[in-house]
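Undergrad: for reference, the sequence and a predicted model appear below.
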Amino acid sequence: MSGHSKWATIKHKKGALDAKRGKIFTRLLKEIAVAAKGGGNPDSNARLRTAVAAAKAENMPADNIKRAIQRGTGELEGVSYEEISFEGYGPGGVAIIVDVLTDNRNRAVSEIRHGFAKNGGNLGETGSVKFMFHKKGLIAVEKPAATEEQLMDIVLEHGGEDLNDEGDTWEIITDPGSHEAVANAIKAAGIPTVASEITMLASTYTKLDGNHAAQMIRLLEALEELDDVQNVYSNFDMDAEQVEHAAG
């Protein structure tokens with residue numbers, strides 16, 4: 001299965017997201033503020049609408065969301081963030097994209113480069129791996145939560161692209177524009193999800209095992225720990241057992 005979605009599922013099960021809620025809130029608030037530069041009304045700003053929905057899914061207080069929007073629109077004073085995407089390679093030659101929102105480009109470059117170098121990877125040139133990825137909506141549902149028939153009906157009715165059997169989870173793929181409708185339909189059906197996001201999915205995947213698998217998980221964790229990092233995408237593939245073992 002795609003490493004990205006499996007990694008998201010494993011983190012959810014391990015409670016890692018709850019343990020790092022402060023960091024998650026910080027990242028979400030930064031995304032809301034940047035998205036709000038395109039307009040402070042979520043109804044007419046798709047990026048902001050997605051960011052607000054993600055914040056609400058993490059039970060972020062409404063006042064925090066409101067202030068982040070006001071900082072983005074300029075109603076409140078706030079930090080100005082620069083959006084940067086880094087591309088590189090991880091253990092076994094896997095492709096990696098790191099999205100950053102930073103108020104200090106030099107710091108971000110230094111930290112990202114160090115994170116790659118210390119964990120068996122290296123930065124690449126702009127455009128070196130991004131061509132391998134496409135922006136998609138991804139929703140993961142644990143097998144006991146819904147039947148294939150239930151989910152397929154929702155996918156077909158609300159514009160989803162695909163429904164994949166990924167072992168212990170169902171993985172729904174959508175066009176970015178259809179993600180919200182499909183996610184809302186799943187929620188309305190009372191079906192819980194373990195991941196629901198707009199992400200970057202690769203067209204091909206590189207299988208990792210052994211040392212490369214463990215090193216890849218360490219690299220992911222190191223990059224995600226950095227304050228400026230918003231998202232990390234990769235085309236690694238490994239067995240679920242290997243992900244859980246490597247993640248400890």
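TA: Structure received.

Undergrad: all contacts plus neighbour counts: C-alpha atoms, from now on.
TA: OK.

Undergrad: nearest residue to Phe116 other than its sequence neighbours?
TA: Asn122 (5.1 Å; Cα to Cα, 6 or more residues apart in numbering).

Undergrad: what bridges to that neighbour?
TA: Here Asn122 shows beta-bridge partners Tyr89, assigned using DSSP bridges.

Undergrad: give me the pLDDT value at it.
TA: Predicted confidence (pLDDT) for Asn122: 93.

Undergrad: now swap in the one 3 residues further on and tell me
TA: The model reports Glu125 with a pLDDT of 92.

Undergrad: and the nearest residue to it once chain neighbours are set aside, helix, strand or coil?
TA: In space, and not counting its chain neighbours, Glu125 is closest to Glu87: 6.6 Å by Cα to Cα, 6+ apart. Under DSSP: H, G, I helix; E, B strand; the rest coil, Glu87 falls in the strand class.

Undergrad: from what I can see Glu87 touches Lys130, true?
TA: Yes. With contacts counted by Cα atoms under 8 Å, Glu87 reaches Lys130, the gap being 7.0 Å.

Undergrad: the two: who's more crowded?
TA: Between Glu87 and Lys130, Glu87 has the larger neighbour count (other Cα atoms under 10 Å), namely 21 against 18.

Undergrad: where's Phe116, which helix or strand?
TA: Element membership for Phe116, per DSSP states H and E: helix 105-118.

Undergrad: run through who's touching that helix.
TA: Glu82, Gly90, Val100, Thr102, Asn122, Leu123, Leu219, Ala222, Leu223, Leu226, Asp228 (Cα atoms under 8 Å, 6 or more residues apart in numbering).

Undergrad: now those as a markdown table including distance to His134 and neighbour count?
TA: Formatted as a markdown table, the contacts of helix 105-118 follow (distance: Cα to Cα, whole Å; neighbours: other Cα atoms under 10 Å):
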| residue | distance to His134 | neighbour count |
| --- | --- | --- |
| Glu82 | 22 | 13 |
| Gly90 | 19 | 23 |
| Val100 | 18 | 24 |
| Thr102 | 24 | 21 |
| Asn122 | 22 | 19 |
| Leu123 | 20 | 20 |
| Leu219 | 22 | 21 |
| Ala222 | 24 | 17 |
| Leu223 | 21 | 22 |
| Leu226 | 24 | 15 |
| Asp228 | 23 | 28 |
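
Undergrad: secondary structure added to those, as JSON lines?
TA: Listed next are those as JSON lines, based on three-state DSSP:
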{"residue": "Glu82", "secondary structure": "strand"}
{"residue": "Gly90", "secondary structure": "coil"}
{"residue": "Val100", "secondary structure": "strand"}
{"residue": "Thr102", "secondary structure": "strand"}
{"residue": "Asn122", "secondary structure": "strand"}
{"residue": "Leu123", "secondary structure": "strand"}
{"residue": "Leu219", "secondary structure": "helix"}
{"residue": "Ala222", "secondary structure": "helix"}
{"residue": "Leu223", "secondary structure": "helix"}
{"residue": "Leu226", "secondary structure": "coil"}
{"residue": "Asp228", "secondary structure": "coil"}
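
Undergrad: which residues do Glu87 and Lys130 both contact?
TA: By Cα under 8 Å, 6+ apart, Glu87 and Lys130 have these common neighbours: Ile97.

Undergrad: ok so, going back, these two touch, right, the residue nearest to Phe116 and Gly90?
TA: Yes. Counting by Cα under 8 Å, Gly90 is a contact partner of Asn122 at 6.6 Å.

Undergrad: and stretch 194-211, how far from the chain's centre?
TA: Distance of stretch 194-211 from the chain centroid (Cα atoms, centre = their mean, to the nearest Å) equals 10 Å.

Undergrad: what's the first-to-last distance across it?
TA: Start to finish, the residues bounding stretch 194-211 are 27 Å apart (Cα to Cα, to the nearest Å).

Undergrad: show the pLDDT at the residue of the chain positioned farthest from its centre.
TA: Relative to the centre of the chain, and counting by Cα atoms, centre = their mean, the farthest-placed residue is Glu75 at 28.6 Å. The model reports Glu75 with a pLDDT of 93.
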